[in-house]
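> make a model of this:
(chains A and B)
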Amino acid sequence: MSPKDYNPQIIEDKWKAYWNQSKLFKCPDNPPSEKFYCLVMFPYPSGTLHVGHGRNYIIGDVVARYKMMKGFTVLTPMGWDAFGLPAENAALKRGLHPKKSVRDNIDNMKRQLHLLGIGYDWDREIASCDPEYYRWTQWIFLKLYERGLAYRKNAPVNWCPSCNTALANEEVVNGGCERCGTEVVQKALYQWLFRITKYAQTLLDDLDTLENTWPKKVLLMQRNWIGRSEGARAVFTVESTGEELPIYTTRPDTLWGVTFMAIAPEHPLIDRLVKGTPYEEKVMEFCNRLRKRKRVVRGEEEPVKEGIFTGHYVINPVNGDRVPLWAASYALMDYGTGAVMAVPSHDQRDFEFAKKYDIPIKVVIQPPGKKLVVSEMTEAYVEEGEMVNSGPFDGTPNMEGIKKVTAFLKERGKGGPEVNYSIRDWLISRQRYWGAPIPIVYCDKCGEAPIPEKDLPVELPDEVDFTPRGQSPLAFVESFVNTTCPKCGGPAKRETDTICQWLCSCWYFLRFIDPKNDREAFSRALIDKWMPVDQYIGGVEHAVLHLLYTRFVVKVLCDAGYVSQKHREPFASLFTQGMICKRTYACTKCGHIVSDSPTVHEPCRCDYGMSLNDRIEKRLDVTDTLDKMSKSKGNVVSPNELCEKFGTDTLRLYELFIGPPQYDAEWSDKDIKGAERFLLRFWNAVTEDLERLSGCAGDYETLSARLLEAFRGGELKGETKHVFQETHRTIARVTGDIESSWQFNTAIAAVMELLNTLRATKMGDGDSGCKVKRYAFESMTLLLAPFVPHICEEIWEMLGHAPSIFKHGWPKANEAALKRDEIEMPVQVSGKVRGRITVAADATEDEVRAAVQGNESVAKSLEGKTIVKMVIVPGKIVNIVAK
RNA sequence: GCCGGAGUGGCGGAAUGGCAGACGCGCCGGUUUCAAAAACCGGUGAGGGUAAACCUCAUGCGGGUUCGAGUCCCGCCUCCGGCACCA
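Numbers count the residues shown, from 1 in each chain, chains lettered A, B, ... in the order given. Have a look, this model is predicted:
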């Protein structure tokens, strides 16, 4: 092998070592130039990365390196979301203590990130399970507690029987646990919650400031999740006791149509009302059964509406109507007031319920041009119409009626306008071991008492049997539980639940700015220098959970004065990358996955007397689906072997070329060859000509300026001039593709085109030919550097420049050099291309018309036709309309 | 049901309302080789035509606006994602 052969292993090792030693990614506390905080969501240490994860970090690395070349002081930190269920479950599976397992996994993943050539300021590395870190997570808990935003209550919660812990609403997906899919059940427990509902409106409002910098999809998901609804409160009265029973409705215009009231089975009022009445036994039986019901699962049929009459009546505030009070399955305790005014005529749910239990239906909105007859209705009428049977509002259009009736309620002291949100408070207690202990103790005398800040962290004990068993494992550790009350000094017991890991990831980007601070969580002055995160990159699966929680916590920290109010939104720009997917094959005979991966639980064992690949190739009883890479599907591709076989740069190039980064992409083992071939051609093109290129060595900027001067002076001719201009066009295209929407695939394609052009062009051996060629190669090297950093560093050095290429500025395209002298214009006849003309780029319409008239094939197409109209779009196209 | 996103060659994917298919993969032919791989050169949407010139059709389906529509408007179909007994 000659020294000029492309050997990725050698040069990649060389430059990785160089970046490490020269601390290329080391970021000072005080930025010497405009700062750029580039952050990829920190991962939980699962153990190994596959190429799907890799894409994420590569994208972040491209942005960081590009911004560096643009002259920014770039902060790119990395750390580990090391606390929490996934990490603990992984440890349990391996039979290791999470502390050890997390450490192993971090080491391995860090190696893999190095392998991928991703640059981070590792001096800022943090792991959320380190006491120096979770000390401040606990501190944040206390800050919320102080502000009345953390509270404890006994309520039914979502419980995962497999993970043996309570879950937040956000962690319940399709009625199952987000992590393991097990059906979630309801369980009553004392739990700690954060009052995120108090921030619902500001969480909603501030989304407006992110309109152009966050994906629309994420904004929408957050808005849906917060679920603001505007309506009215109407206060009904329980006839027997005279107590008030308020309801929330978005349709106050239908108040006159109320024929019953539905109240949630969980509602405490029921217990009191039926006590000692003949209804008690049956109603309580019904309620107790419903209180344990499982959540509604999407995709499944709508649950049957059930209910039972409580024996009580309520009085309608607007017309004094006396209507029965029912306990009903479809009334939800935790939305509105837990009671619903039921208008069967104009609400589909109420309609179904009324039909089932034979409750009267009363029409109060009439559609335009029709007349509703109760006996003929098969569904509720929910469209607009005119109010009828509504006392003083008869004849009012119902949309107007909504406002008027709301005001009417307010005047009479029976309610008024009200806003509701569907977001619920955030449940943060977990009955598992691997998390930060909640810093609270319970004292017989003082009750609930927070741990003083100076006593933080409340350390998680190591010697614990952490098998999940439905109660926090810490509850069995006496040395942990028994303590003294920080208020009175008497005996007290510690809270034994741990904080869910979402809180750990709510503030890690603040800690990255000041990672070693042992006096405070972070310095406000440094936060002001570095926040916000200019570019946040991560998976769309965090659209609600992580991103909503984080926005909430940051707002609280702002309100508490630890972070400036100007940083209420921590992530100025958000990018959600698509997943890398791969085909998964399943056997149509046995239904199992056809794979030889050891991570597949029960692979297909049907014998076809050939290799699995051959069987798949021949499609023998196999179906395929495109799935996200995962161990359980056996479709993961490891970057390690690919880096070894092709080199890191090739892998990076392929992952970037695979498609637009915001979309999912299908992995193909074949296509990576294209990336390899391109790098090889690039390398060979430079090395083959190196001697000649060295003959005109010099500073890139000087060369660039000289050539531009020569171009302007008309000294560049023919193909030399062409290549010079194409180089400028490529610079413009690549820069545009990166800046506009991270179209790395087309940016790379542009450089490929330039290389193709260069290889197909015979430039003279003269001085300017050599210079232009050098200029083209140097520009290509700079343009490719963020994507394939190792090979570019090497070529940059070979071309006689001092490393690092990332200290060099990004190339600039010159407007004048982009302009073409002559252009070819297609000439259409009635929309079909029938000829081409070559004209000056700035040709006038008359000149174009003359050229068209002189064109033979156009003339031929026009034979026997008359020209109706000629549309000339200067610089683009000519279209002749002819009959 | 409601709200998003997508649908383009054999495949991944390009196209400010202006030549559809850039770039790459795959495939076909050639050069090189004892042979193969690699590399290099050429070809490659479909149909017709003579392997030329040329013609016709083609961006999920059906309409519309326009000199001109993958792109804009209206109505559908399919797939993916989110939300949903939220009053």
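
> the closest residue to RNA strand B within the stretch 501-650 of chain A: neighbour count?
Ranking the residues of the stretch 501-650 of chain A by distance to RNA strand B (C-beta to the nearest atom of the strand) places residue A:544 first, at 6.1 Å. From N, CA and C alone the C-beta is placed, and that goes for glycine too. For residue A:544, the count of nearby residues is 18 (other C-beta atoms under 10 Å).

> so who does it touch?
Residues near residue A:544 by C-beta atoms under 8 Å, 6 or more residues apart in numbering: A:170, A:221, A:222, A:225.

> measure the third one to RNA strand B for me?
Looking back up the chat, that one is residue A:222. From residue A:222 over to RNA strand B the distance is 9 Å, taken as C-beta to the nearest atom of the strand, to the nearest Å.

> pretty sure that residue contacts residue A:549?
No. With contact defined as C-beta atoms under 8 Å, residue A:222 does not reach residue A:549; the gap is 11.1 Å.

> residues contacting the closest residue to RNA strand B within the stretch 551-700 of chain A?
In the stretch 551-700 of chain A, no residue comes nearer to RNA strand B than residue A:674, which is 2.5 Å away by C-beta to the nearest atom of the strand. With contacts defined as C-beta under 8 Å, 6+ apart, residue A:674 is in contact with A:654, A:657.

> does it sit in a helix, a strand or a coil?
Classification of residue A:674 using DSSP: H, G, I helix; E, B strand; the rest coil returns helix.

> for residue A:682, same thing?
Assignment for residue A:682 (three-state DSSP): helix.

> ok so residue A:828 is a helix residue?
No. Residue A:828 sits outside any helix when classified using three-state DSSP, being strand.

> quick check: it touching residue A:881?
No. Counting by C-beta under 8 Å, residue A:881 is not a contact partner of residue A:828; they are 9.2 Å apart.

> between those two, which one's more packed in?
Neighbour totals were compared for residue A:828 and residue A:881, and residue A:828 leads with 18 against 15 (other C-beta under 10 Å).

> for the residue nearest to that one when sequence neighbours are not counted, give the beta-bridge partners.
Counting by C-beta to C-beta, 6 or more residues apart in numbering, the nearest residue to residue A:828 once its immediate chain neighbours are dropped is residue A:879, at 4.4 Å. Counting by DSSP bridges, residue A:879 is bridged to residue A:828, residue A:871.

> quick one: residue A:879 from RNA strand B, how far?
For residue A:879, the distance to RNA strand B equals 3 Å [C-beta to the nearest atom of the strand].

> what's around residue A:273, how many residues?
24.

> who are the packing partners of the helix or strand hosting residue A:341?
Element membership for residue A:341, per DSSP states H and E: strand A:339-342. Packing partners of strand A:339-342 (3 or more C-beta pairs under 8 Å, 6 or more residues apart in numbering; DSSP states H and E): strand A:228-238, strand A:244-249, strand A:260-263, strand A:322-328, helix A:348-357.

> deepest in the core, which of these is it.
Of all those, strand A:260-263 has the most neighbours on average by mean count of other C-beta atoms under 10 Å, namely a mean of 24.

> need the residues that contact it.
Residues outside strand A:260-263 that contact it (C-beta under 8 Å, 6+ apart): A:236, A:245, A:247, A:269-270, A:307, A:310, A:314, A:323-328, A:330-331, A:338-342, A:350, A:353-354, A:359.

> average pLDDT for the helix or strand following that strand?
On the C-terminal side of strand A:260-263, the nearest following helix or strand under DSSP H and E is helix A:268-274. The pLDDT scores in helix A:268-274 average 94.

> re earlier: as a markdown table, the helices and strands packed on strand A:339-342 with distance to RNA strand B and mean pLDDT would be great.
Formatted as a markdown table, these follow (distance: least, C-beta to the nearest atom of the strand, whole Å; pLDDT from 0 to 100):
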| stretch | distance to RNA strand B | mean pLDDT |
| --- | --- | --- |
| strand A:228-238 | 4 | 94 |
| strand A:244-249 | 3 | 95 |
| strand A:260-263 | 7 | 96 |
| strand A:322-328 | 8 | 96 |
| helix A:348-357 | 5 | 93 |
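
> residues from the stretch 401-550 of chain A in reach of RNA strand B?
By the rule C-beta under 7 Å from any atom of the strand, the part of the stretch 401-550 of chain A lying against RNA strand B is A:420, A:422, A:540, A:544.

> just checking, which of those belong to helices?
Of those, none are assigned to helices by DSSP state H.

> how close does residue A:681 get to residue A:445?
Distance check for residue A:681 against residue A:445: by C-beta to C-beta, to the nearest Å, it reads 79 Å.

> ok, these two, which is more surrounded?
Using other C-beta under 10 Å, the more surrounded residue of residue A:681 and residue A:445 is residue A:681, with 16 against 12.

> the more buried one contacts residue A:755, doesn't it?
Yes. Between residue A:681 and residue A:755 there is a contact under C-beta under 8 Å: 6.3 Å.

> and the next helix or strand past the longest helix seen in chain A?
What stands out as the longest helix in chain A, according to DSSP H, is helix A:718-741. The C-terminal neighbour of helix A:718-741 among helices and strands, as given by DSSP H and E, is helix A:744-760.

> and RNA strand B, is that following helix touching that?
Yes. Helix A:744-760 lies within reach of RNA strand B by C-beta under 7 Å from any atom of the strand, at A:745, A:746, A:748, A:749, A:752, A:753, A:756, A:759, A:760.

> in stretch A:332-350, which residues are buried?
A:333, A:335-347, A:349-350 (16 or more other C-beta atoms under 10 Å).

> from those residues, which two are the most distant?
Greatest spacing in these, by C-beta to C-beta: A:333 and A:345 (25.5 Å).

> count the neighbours of residue A:254 for me.
Residue A:254 is flanked by 29 other residues according to other C-beta under 10 Å.

> re earlier: does anything pack onto the longest helix of chain A? Which helices or strands?
Helix A:718-741 sits against helix A:700-712, helix A:744-760, helix A:767-784, helix A:815-818, with contacts defined as 3+ C-beta pairs under 8 Å, 6+ apart.
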